[in-house]
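[1] sequence and predicted structure below; questions after.
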Amino acid sequence: MPHLVLDKISIHYDGYPAVERVSIDVAGDDFVVLVGRSGCGKTSLLNVAAGLVTPARGSATIDDRPITAPGSDRAVVFQNDALFPWLTARENVAFALRLRGVRPAERARRADELLALVKLGDAGDKRIWELSGGMRQRVGLARALAAEPQFLLLDEPLGALDALTRERMQTTLLDLWKASHAGVLMVTHGIEEALVLATRIVVLAPGPGRVVRTFEPGFSRRYAAGETIRAVKADPAFAKARGELTDAIFEGETA
Ligand SMILES: Nc1ncnc2c1ncn2[C@@H]1O[C@H](COP(=O)(O)OP(=O)(O)OP(=O)(O)O)[C@@H](O)[C@H]1O
């Protein structure tokens, strides 16, 4: 099983320490979620995993190979993903397949399979500007999966969506996680979202960014085993976990 490891990572910007000695481990079947107050270094750490930021100290590796640049073993999805607005949903996904060297005859069929996976089977012919925010985000996820990555790196992928769409997209994300067999490292500001999705939650605190707690909530594995999200959230254990996670995030806050 592939293994992404951030080991004692420190990140400096212009000599100023933004993150100090943070270690995060993502195995191929993990869904690891980073939470914490603004400025604690969540995006910076994701960017190290993506190969976009070089740490001042520590090592970032996949199966012991150093991460030095973006690679096809990792797919990154941001909050407002840059799709090509003048192309159709199918063409956007097919573009990623082309980059992977998939033959033209196969691209449309595979793109439709990926769109069906994100429940956009009927929207292949629609242009991006004709789609809602949630649908666009799903095209972005389908495009990320087209690369058949070992790891999905998600930075607030649902942050721009309204609350109802966001909740629905959480199950889509869990379904994709299950179907793609990719390990996930995701940043979110949503406390319930973290609890619903994560196999492990890493809580960071700012000044400089460091790990203060980790949780293994187990609710996403219950969903994967067949329970509904609604049933999971109604469990008193969920409310208890929400309280503990909220306390951990705001512990030591002085402002
Ligand atoms: N490119 C950069 N140049 C200089 N400083 C930066 C840069 N990127 C981030 N920082 C600083 O590093 C710290 C961590 O930022 P980062 O965006 O990683 O935090 P975050 O936890 O993702 O924040 P938020 O929740 O607000 O998105 C902040 O103090 C930020 O101002």
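    Great, that's in hand. Only a predicted model underlies this, so the values are computations on that prediction, with no experimental measurement involved.
[2] show me what from the protein comes close to the ligand.
    13, 18, 36, 38, 39, 40, 41, 42, 43, 44 (Cβ under 6 Å from any ligand atom). C-beta: built from backbone N, CA, C; applies to glycine.
[3] tell me the contacts of the second one?
    Under the criterion of Cβ atoms under 8 Å, 6 or more residues apart in numbering, the neighbours of residue 18 are 11, 12, 41, 44, 208, 209.
[4] so residue 66 sits against residue 58, correct?
    No. The pair residue 66 / residue 58 is not scored as a contact, 11.1 Å apart, by Cβ atoms under 8 Å.
[5] of those two, who's got more company?
    Using other Cβ atoms under 10 Å as the criterion, residue 66 and residue 58 rank with residue 58 on top: 18 against 10.
[6] pLDDT score for that one?
    Reading off the confidence values, residue 58 has pLDDT 98.
[7] next, give phi and psi for it.
    phi 90, psi 170 (degrees, to the nearest 10).
[8] hey, where'd the strands end up in the stretch 151-255 of the chain?
    151-155, 183-187, 200-205, 210-215 (DSSP state E, counting those that start in this stretch).
[9] what angle sits between the third one and strand 183-187?
    Read it as strand 200-205. Put simply, strand 200-205 runs at 30 degrees to strand 183-187, going by axes from the mean of the first three to the mean of the last three Cα atoms, to 10 degrees.
[10] tabulate the contacts of residue 18 (a markdown table), appending neighbour count and pLDDT.
    Output for the contacts of residue 18, formatted as a markdown table (neighbours: other Cβ atoms under 10 Å; pLDDT from 0 to 100):
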| residue | neighbour count | pLDDT |
| --- | --- | --- |
| 11 | 23 | 97 |
| 12 | 16 | 97 |
| 41 | 27 | 96 |
| 44 | 21 | 96 |
| 208 | 19 | 94 |
| 209 | 25 | 96 |
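[11] out of those residues, which is nearest to residue 150?
    Residue 150 lies nearest to residue 44 out of the contacts of residue 18, by Cβ to Cβ, at 21.6 Å.
[12] residue contacts, that closest one?
    11, 18, 19, 53, 209.
[13] from the contact counts, what lies against the helix or strand containing the first one?
    Spelled out, that is residue 11. Using DSSP states H and E, residue 11 sits within strand 3-13. Packing partners of strand 3-13 (3 or more Cβ pairs under 8 Å, 6 or more residues apart in numbering; DSSP states H and E): strand 16-27, helix 42-50, strand 57-62.
[14] and the closest residue to residue 222 other than its chain neighbours, how close does it get to the ligand?
    Leaving out its chain neighbours, the residue that sits closest to residue 222 by Cβ to Cβ, 6 or more residues apart in numbering is residue 232, at 5.5 Å. To the ligand, residue 232 is 26 Å away according to Cβ to the nearest ligand atom, to the nearest Å.
[15] so where's the stretch 51-200 of the chain uncertain?
    80-81 (pLDDT under 70).
[16] picking that back up, residue 94 is nearest to which of the strands of the stretch 151-255 of the chain?
    Residue 94 lies closest, by Cβ to Cβ, to one member of the strands of the stretch 151-255 of the chain: strand 151-155, at 19.5 Å.
[17] that closest one pairs with which strands, and in what direction?
    Counting by DSSP bridges, the strands paired with strand 151-155 are strand 74-77 (parallel), strand 183-187 (parallel).
[18] buried residues in stretch 146-159?
    Within stretch 146-159, the residues scored as buried using 16 or more other Cβ atoms under 10 Å are 146-147, 149-159.
[19] could I get those as JSON lines with distance to residue 130?
    Converted to JSON lines, the buried residues of stretch 146-159 look like this (distance: Cβ to Cβ, whole Å):
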{"residue": "146", "distance to residue 130": "21"}
{"residue": "147", "distance to residue 130": "25"}
{"residue": "149", "distance to residue 130": "27"}
{"residue": "150", "distance to residue 130": "33"}
{"residue": "151", "distance to residue 130": "31"}
{"residue": "152", "distance to residue 130": "26"}
{"residue": "153", "distance to residue 130": "28"}
{"residue": "154", "distance to residue 130": "24"}
{"residue": "155", "distance to residue 130": "25"}
{"residue": "156", "distance to residue 130": "24"}
{"residue": "157", "distance to residue 130": "21"}
{"residue": "158", "distance to residue 130": "21"}
{"residue": "159", "distance to residue 130": "22"}
